[in-house]
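Enquirer: quick one, fold the following:
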Amino acid sequence: MSRDLSRWRSWAAVLLAVSPGWPGSGHAEQLASFSVHDPSKIVYDPDSNRYLVFWTGVGIPFATSPDKINWSRTNADVVFPVGHPQRADYWAPDMWDSRIHGKYLRFYSRSSFGSQTSSIRVVSAPSLTAPTWQLEGDVVTSNTGDPFNAIDPGVYYDETADRLWLSFGSFWTGIYIVEIDPRNPTQQLSGFTHLAGGRFNGSHPNNPTGQAGQNAIEGPFIFKRNDWYYLKAGGAKP
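Expert: Numbers count the residues shown, from 1 in each chain. Down below sits the predicted model:
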């Protein structure tokens with residue numbers, strides 16, 4: 001935990017959870033009628049008066065709800081429908097739950113199982129009602145030999161300070177965070193700070209053998225409560 005997102009290096013105690021659901025966290029622990037993998041935050045759309053949640057899958061599937069309890073979806077409920085030039089199998093989408101400088105920003109990752117050749121991209125749209133998503137570009141990329149794997153984005157926006165943070169990571173040396181420009185989210189404003197994890201096979205810090213590691217830690221999520229910032233992530237017991 002930390003009182004300041006710009007000073008992550010100064011602390012080592014992090015809050016970890018093995019489940020993506022957390023009461024009050026905004027994650028989709030109430031989705032019981034169908035299964036989802038790597039759910040995003042639950043996002044409220046004021047234009048259509050409904051809630052949305054997104055998850056891993058071809059085209060980025062999503063479901064809608066009027067009350068966060070009763071959820072519905074069809075096979076057509078995807079961000080990138082059949083025939084869309086950006087349609088592919090994307091992992092772990094996430095987004096902030098309100099507009100940032102007039103746009104909703106959706107982050108998602110592209111990779112393959114066990115690979116470190118990965119990227120986190122961002123698209124934007126002015127509305128969540130019948131949106132047309134505009135590709136902004138890559139935010140973070142990784143390749144074999146890098147310390148981290150650029151998947152599982154988790155976004156946090158400090159509205160008061162107008163600062164945008166992206167946490168990410170899976171296996172390898174664990175979870176990282178980088179500050180990005182809220183007006184141009186493909187632009188990094190800081191270096192990468194290591195937050196948690198780091199048990200892996202291979203040499204430290206660059207891991208040239210490209211091995212993922214023995215102990216899992218992935219799917220970071222940052223939230224604020226009572227003036228403290230908390231990081232939670234999924235992982236296997238040591």
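Enquirer: quick one: residue 100 and residue 46, what's the gap?
Expert: Going from residue 100 to residue 46 by C-beta to C-beta, to the nearest Å gives 15 Å. For every residue, glycine as well, the C-beta is placed using N, CA and C.
Enquirer: what does residue 232 give?
Expert: From residue 232 to residue 46 the distance is 27 Å (C-beta to C-beta).
Enquirer: between those two, which has more neighbouring residues?
Expert: residue 232 (22 against 11; other C-beta atoms under 10 Å).
Enquirer: how is that one assigned, secondary-structure-wise?
Expert: Following DSSP: H, G, I helix; E, B strand; the rest coil, the label given to residue 232 is strand.
Enquirer: so which residues of the protein form helices?
Expert: Counting by DSSP state H, the chain has no helices to list.
Enquirer: pLDDT below threshold where in it?
Expert: 1-34, 198-215, 236-238 (pLDDT under 70).
Enquirer: state the distance from the closest residue to residue 165 other than its chain neighbours to residue 53.
Expert: Spatial nearest neighbour of residue 165, excluding adjacent residues (C-beta to C-beta, 6 or more residues apart in numbering): residue 156 at 4.7 Å. Distance of residue 156 to residue 53, computed by C-beta to C-beta: 18 Å.
Enquirer: cool, residue 104 as well?
Expert: Counting by C-beta to C-beta, the gap from residue 104 to residue 53 is 14 Å.
Enquirer: do the same with residue 113
Expert: Counting by C-beta to C-beta, the gap from residue 113 to residue 53 is 23 Å.
Enquirer: higher neighbour count, these two?
Expert: Neighbour count, other C-beta under 10 Å: between residue 113 and residue 53, residue 53 has more, with 24 against 6.
Enquirer: who's in contact with that one?
Expert: Contact analysis of residue 53 by C-beta atoms under 8 Å, 6 or more residues apart in numbering lists 28, 31, 36, 39, 40, 41, 42, 43, 62, 63, 65, 71.
Enquirer: quick check: bridge partners of it?
Expert: Legend: beta-bridge partners of residue 53 under DSSP bridges are residue 63.
Enquirer: please apply the same query to residue 124.
Expert: residue 105, residue 134.
Enquirer: wait, what's in contact with it?
Expert: 103, 104, 105, 106, 133, 134, 136, 185.
Enquirer: out of these, which is most surrounded?
Expert: residue 106 (26 neighbours).
Enquirer: ok, and the closest non-adjacent residue to it?
Expert: residue 95 (4.5 Å).
Enquirer: go on, residue 107?
Expert: Setting aside the residues directly before and after it, residue 107 is nearest to residue 153 in space (C-beta to C-beta, 6+ apart), at 3.9 Å.
Enquirer: quick one: residue 122 and residue 134 touch, right?
Expert: No - applying C-beta atoms under 8 Å as the test, residue 122 and residue 134 come out as separate, 9.8 Å apart.
Enquirer: common neighbours of those two, please.
Expert: With C-beta under 8 Å, 6+ apart, residue 122 and residue 134 have no common neighbours.
Enquirer: how about the strands of this structure, start to end?
Expert: 43-45, 50-54, 57-58, 62-65, 89-95, 104-110, 118-125, 134-142, 154-158, 163-168, 175-180, 193-196, 217-225, 228-235 (DSSP state E).
Enquirer: so what touches the fifth one?
Expert: Spelled out, it's strand 89-95. 38, 40-41, 43, 54-60, 79, 104-111, 151-155, 219.
Enquirer: ok so, going back, and the contacts of residue 53, which of them are buried?
Expert: Listed as buried from the contacts of residue 53 are 28, 31, 36, 39, 40, 41, 42, 43, 62, 63, 65, 71; burial here means 16 or more other C-beta atoms under 10 Å.
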